[in-house]
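Peer 1: Fold the following for me, if possible:
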Amino acid sequence: MARPVPFENDLTEWATTHSGRQVLRGLIIGLILSVLISAGVWILSTSVDSKIFGDTSLVAKICRYLYDSRVGAGIRESIWVFPIIEGTHLLGIALSVGLLCWFDLRLLGWVLRDEPVSKVWQNVMPVAFVGFALMFVSGILLFWAEAFTAFHSVHFWLKMILLACAGINALSFESSAHKNMALWDLEPVPPFRARMTGAISLILWTAIVVTGRTMAYNF
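Peer 2: Numbering: from 1, shown residues only. I've put the predicted structure just below:
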């Protein structure tokens, strides 16, 4: 009979401590970035006139139509529907952006360096995609309810620009860098282009979340 392999307690304790330090480092980095980006968004939003478009434009008329529609008014004036949609939106942000940030930090080589990049991607993205679906559907409904108010909000237009930039960054990653992901699995720090993609994504999504919150509190 084969003898049981003795339990290597010291090695397990080291791995647990090392993993805990990586998680703590990721949280600290995320907190610092959030504070810096929040300050930048606030400075930019307060330095630009909120009413940068006239009410006679086609976009303004469309937003006014959505705002005055039965669906828009129903969502906006409902005691239960608006909070449910907004709560779903926040849940979608937590599932999508929250998990995506960990993948971005892995691309930067700051956390989870012992885990293959492809494994982190496979574990994170299925849940993140569900979060993105919840976020966008609920976001459309929230915009429908506050379309004309959002039209006059500089925070809203900043958020749309940042969303477009995040989408371009994600498409660039999918079309080029993503196909080489398997080659990075043995490297604790991926190539420069992958790290830049992760850094840009982390900054953009943090700014999007911050801009969305400032927009909500300035309506």
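
Peer 1: Kindly state the pLDDT recorded for Ala94?
Peer 2: pLDDT for Ala94: 90.

Peer 1: what's near enough to touch it?
Peer 2: By C-beta atoms under 8 Å, 6 or more residues apart in numbering, Ala94 lies in contact with Gly131. (Glycine included, C-beta is placed from N, CA and C.)

Peer 1: what do you get if the cut-off is 10 Å, keeping everything else the same?
Peer 2: Residues near Ala94 by C-beta atoms under 10 Å, 6 or more residues apart in numbering: Gly131, Leu134, Met135, Val209.

Peer 1: The last one touches Ile37, doesn't it?
Peer 2: Yes: here Val209 reaches Ile37: they are 9.0 Å apart, a contact under C-beta atoms under 10 Å.

Peer 1: And the helices in this structure?
Peer 2: Along the chain, the stretches classed as helices by DSSP state H are 9-46, 58-68, 70-77, 81-107, 117-145, 147-151, 154-175, 192-217.

Peer 1: State the mean pLDDT of the first one.
Peer 2: So that's helix 9-46. 62.

Peer 1: for the chain, which spans come out with low pLDDT?
Peer 2: Scanning the chain for pLDDT under 70 picks out 1-23, 25-27, 30-31, 33-34, 38, 41-42, 44-55, 217-219.

Peer 1: rerun that using 80 as the cut-off
Peer 2: 1-57, 112-113, 176-189, 213-219 (pLDDT under 80).

Peer 1: Give me the most central residue, this protein.
Peer 2: Val97 (3.0 Å; C-alpha atoms, centre = their mean).

Peer 1: Verify the stated contact: that residue with Ala128.
Peer 2: Yes: under the criterion of C-beta under 10 Å, Val97 makes contact with Ala128 at 8.1 Å.
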